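Chemist: Sharing a sequence plus its predicted fold:
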Amino acid sequence: MRVGATQYNSDGSEQRYGANRGWVYIVSNPSMSGLLKIGKTTTSVKQRLNELSRPPGVPTPFELEISIKVRDCDMDETLAHKALAEYRVEKKEFFKVSVDTAVAEILPAIGDDYRIDGYRPANKYIYDIEEELRKRKLEVERQKRAAREKRKLEDEKKAKAEARARRIVREIRKNELEDALTEAKLKLQRLGARPTKPDDPNAVKFCNKVASRLDNFGDTTASKIISFILSIVIMLVIISVIPDDEGDLPVIPFFIIYSIVYGGLVWMLISFLTGMFSKITRRFAAILWDSKKCTDEYNKANHPFEIVDHKIDELTRELNELKREHELT
């Protein structure tokens, strides 16, 4: 902030001070050699100087060294006191410090939001102090930018080194997988011809098919229809053979009842016979061909091939994943 300059916002409008606006001042007294009083006021610095010099116990009037207009005089006074804490005298507003040191400590503490309103003519070096502070701030910002750029370059260099290391590791692993895959394929070739899974003879297939049909026949609609038709035929035979001595008896109701009863019995008989023939057929097929023994022999002969096949699948899958990672990077 330049001395006496008007502050502007980023949109070009002049900055306005809030309700707590005021001044932070530095004053001295010829009767208090080496001491500076640093305080605040919301009225005017001149009025505050008169108030400080009015008490009878003050031998000589206070003199203004510098006044700084700020947005929040309460906060900025506190910041100024903290910045000069090592020079403070018994927790009062008096500090044993030179004007140039006080200015050099206070201005950075309160930030950029200020304006220097007045100063003693002998303190024209305030321009130089403010300019020096501005240069220091610019230098600090330059060093921060340089540090950020350096850190960015180091991070990029580190990232490139890590990526290069990952590529090397992937290449080594890729070569290992390719060698292992080649060895697995050679091992598969050394095992010779792969055994073929045994197939049931046609006679056995026919017997198993017949047994399956017999198992399902007892629960089908066709078996129930056949049972009902056979029961009707049986009843017709019985009626034709047995003479009707009592012609006035209702033959039709008895015919229906007996047909249902005989139908159920015939259906049960058919289910029993089909189940029995199904078991006989399966037993006959088992005598013709021992399927379990043949399957066990095939599994035993094919087991080494399955182990090598599984190994080849794992190596191929891992190799493909490495290739995809290489393409992505």
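Modeler: Everything's here; your move.
Chemist: Count the neighbours of the residue lying closest to N302 once chain neighbours are set aside for me.
Modeler: Closest residue to N302 apart from its sequence neighbours, by C-beta to C-beta, 6 or more residues apart in numbering: P195 at 5.2 Å. For glycine as for every other residue, the C-beta is placed from the backbone atoms N, C-alpha and C. Other residues within reach of P195 by the criterion other C-beta atoms under 10 Å amount to 16.
Chemist: can you tell me how far P195 sits from P61?
Modeler: Distance of P195 to P61, computed by C-beta to C-beta, to the nearest Å: 118 Å.
Chemist: sorry, back to before: are we agreed that the residue nearest to N302 is in a strand?
Modeler: No - going by DSSP: H, G, I helix; E, B strand; the rest coil, the assignment for P195 is coil, not a strand.
Chemist: i'd like the first residue to be 43 from this point on
Modeler: With 43 as the first residue, the last one maps to P237.
Chemist: Can you give me the pLDDT of it?
Modeler: pLDDT, P237: 80.
Chemist: which residues sit against stretch 81-94?
Modeler: Residues from elsewhere that reach stretch 81-94 (C-beta atoms under 8 Å, 6 or more residues apart in numbering): 62-67, 69, 79, 100, 103-106, 109, 115-116, 118-119, 135, 159-160.
Chemist: Among those residues, which lie within helices?
Modeler: Among those, the members found in helices (DSSP state H) are 115-116, 118-119.
Chemist: What separation is there between the residue nearest to N344 and A343?
Modeler: To A343, P237 is 4 Å away according to C-beta to C-beta.
Chemist: With D351 instead?
Modeler: 14 Å.
Chemist: do the same with L126
Modeler: L126 is 96 Å from A343, where distance means C-beta to C-beta.
Chemist: the more surrounded of the two?
Modeler: Between L126 and A343, counted using other C-beta under 10 Å, the more crowded position is L126 (20 against 12).
Chemist: The more buried one touches E147, doesn't it?
Modeler: Yes - in this structure L126 lies within contact range of E147 using C-beta atoms under 8 Å: 5.6 Å.
Chemist: Please enumerate residues in contact with stretch 137-149?
Modeler: Contacts for stretch 137-149 (C-beta under 8 Å, 6+ apart): 66, 68, 70, 76-80, 107-108, 110, 121-122, 125-126, 129-131, 156, 165, 167-168, 171-172, 174-175.
Chemist: Just the buried ones among the residues you listed, please.
Modeler: 66, 68, 70, 77-80, 107-108, 110, 121-122, 125-126, 129-130, 156, 165, 168, 171-172 (16 or more other C-beta atoms under 10 Å).
Chemist: taking those residues one by one, which sit in strands?
Modeler: 66, 68, 70, 78-80, 107-108, 110, 156 (DSSP state E).
Chemist: longest helix of this structure?
Modeler: Criterion DSSP H: the longest helix present in the chain is helix 168-232.
Chemist: Show me what the mean pLDDT comes to for that helix.
Modeler: For helix 168-232, the mean per-residue pLDDT is 85.
Chemist: Same question for stretch 363-371.
Modeler: Here the average pLDDT along stretch 363-371 is 79.
Chemist: Could you check how far D221 is from R209?
Modeler: 19 Å.
Chemist: Same question for G160.
Modeler: Taking C-beta to C-beta as the measure, G160 falls 68 Å from R209.
Chemist: Which one of these two is surrounded by more residues?
Modeler: Higher neighbour count among G160 and R209: G160, with 17 against 13, using other C-beta under 10 Å.
Chemist: For that one, give the beta-bridge partners.
Modeler: For G160, the beta-bridge partners are S109 (DSSP bridges).
Chemist: quick one, what contacts it?
Modeler: 87, 106, 108-109.
Chemist: What pLDDT does the model give it?
Modeler: At G160, the predicted lDDT confidence score is 79.
Chemist: Would you enumerate the residues in contact with M318?
Modeler: Residues near M318 by C-beta under 8 Å, 6+ apart: none.
Chemist: That one: helix or strand, and which one exactly?
Modeler: Remark: M318 resides in helix 293-330, with elements defined by DSSP states H and E.
Chemist: Mind listing what's buried along the next helix or strand after that helix?
Modeler: Downstream of helix 293-330, the first helix or strand assigned by DSSP H and E is helix 333-370. By neighbour count with 16+ other C-beta under 10 Å, helix 333-370 contains the buried residues 344, 350, 353-354, 357, 360-361, 364.
Chemist: buried stuff in stretch 133-153?
Modeler: Residues 136-137, 139, 141, 144-149, 152 are the ones in stretch 133-153 that count as buried (16+ other C-beta under 10 Å).
Chemist: Which ones among these map onto helices?
Modeler: Applying DSSP H to the buried residues of stretch 133-153, the entries found in helices are 141, 144-149, 152.
Chemist: and R63, what pLDDT?
Modeler: R63 is assigned a pLDDT of 88 by the prediction.
Chemist: same check, this time on S140
Modeler: So S140 comes in at 90 (pLDDT).
Chemist: Check the one 10 residues further on too.
Modeler: Turning to P150, the model gives it a pLDDT of 85.
Chemist: Identify the residue nearest it in space, chain neighbours excluded?
Modeler: Leaving out its chain neighbours, P150 is closest to L175 (C-beta to C-beta, 6+ apart), at 6.1 Å.
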